[in-house]
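S.K.: I'd like to go over a predicted model; first the sequence, then the structure.
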Amino acid sequence: MAEKIQFELVSPAKLLVSSPVDMVVVPGEEGDFGALPRHAPVIATVRPGIIEVHDNGKIGNRIFVAGGFAEVNEERITVLAEEAIPVADLTVEFAQARLATAREALADAKTTLEKAVAERQIAVAVAMDAAAR
């Protein structure tokens, strides 16, 4: 049996995935990266995008994450996601509705913080829309 890396995906609400897999490709803030068994230790910021879980020679699972952090070591990759949704559950309509809401929030923003939050929501909605297509 080939070596596996333990993959754990955690959202604020619960543990979403915990299983041994061949490889996990994560949308890192500085570019996508793949985590394999015996990976060098890394802590990375995760940008909005799709996590691809590879197992048995194919992509077994695709999950949209809104951002977060990833910790990788030789035996495990743990992603702490702000929000996680299986790509199969995403629709363009849902993503477009979130984008419209985020744009309204930006138009209504009065403070620098409100603007920053709205801009972040727009970035997540744009990435979600791309993932849904």
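M.R.: Nice, I can see it.

S.K.: Pretty sure Q96 sits against D129.
M.R.: Yes - between Q96 and D129 there is a contact under C-beta atoms under 8 Å: 6.4 Å. The C-beta positions use only the backbone N, C-alpha and C, and glycine is treated the same way.

S.K.: if I pick V124, what's in contact with it?
M.R.: By C-beta atoms under 8 Å, 6 or more residues apart in numbering, the residues touching V124 are 48, 66-67, 83, 98, 102.

S.K.: out of the residues you listed, which are buried?
M.R.: 48, 66-67, 98, 102 (16 or more other C-beta atoms under 10 Å).

S.K.: could those residues go into CSV alongside distance to E74?
M.R.: Shown next, in CSV, are the buried ones among the contacts of V124 (distance: C-beta to C-beta, whole Å):
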residue, distance to E74
P48, 28
A66, 28
G67, 25
R98, 37
A102, 39
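
S.K.: Restricted to helices, list those.
M.R.: 98, 102 (DSSP state H).

S.K.: got the contact list for stretch 9-16?
M.R.: 8, 17-18, 51, 63, 65, 78-84.

S.K.: same check, this time on stretch 76-83
M.R.: Defining contact as C-beta under 8 Å, 6+ apart, one finds that stretch 76-83 is touched by 5-12, 16, 24, 26, 35, 39, 46, 51, 65-72, 124.

S.K.: What pLDDT is listed against M1?
M.R.: On pLDDT, M1 comes in at 55.

S.K.: Out of the contacts of stretch 9-16, which end up buried?
M.R.: With burial judged by 16+ other C-beta under 10 Å, the buried subset of the contacts of stretch 9-16 is 8, 17, 51, 63, 65, 78-81, 84.

S.K.: possible to save the residues you listed as TSV with secondary structure, pLDDT and distance to T111?
M.R.: As requested, those are exported to TSV (DSSP: H, G, I helix; E, B strand; the rest coil; pLDDT from 0 to 100; distance: C-beta to C-beta, whole Å):
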residue	secondary structure	pLDDT	distance to T111
E8	strand	97	36
V17	strand	94	37
I51	strand	97	33
I63	strand	96	33
V65	strand	97	27
T78	strand	97	34
V79	strand	97	31
L80	strand	97	27
A81	strand	97	27
A84	strand	95	29
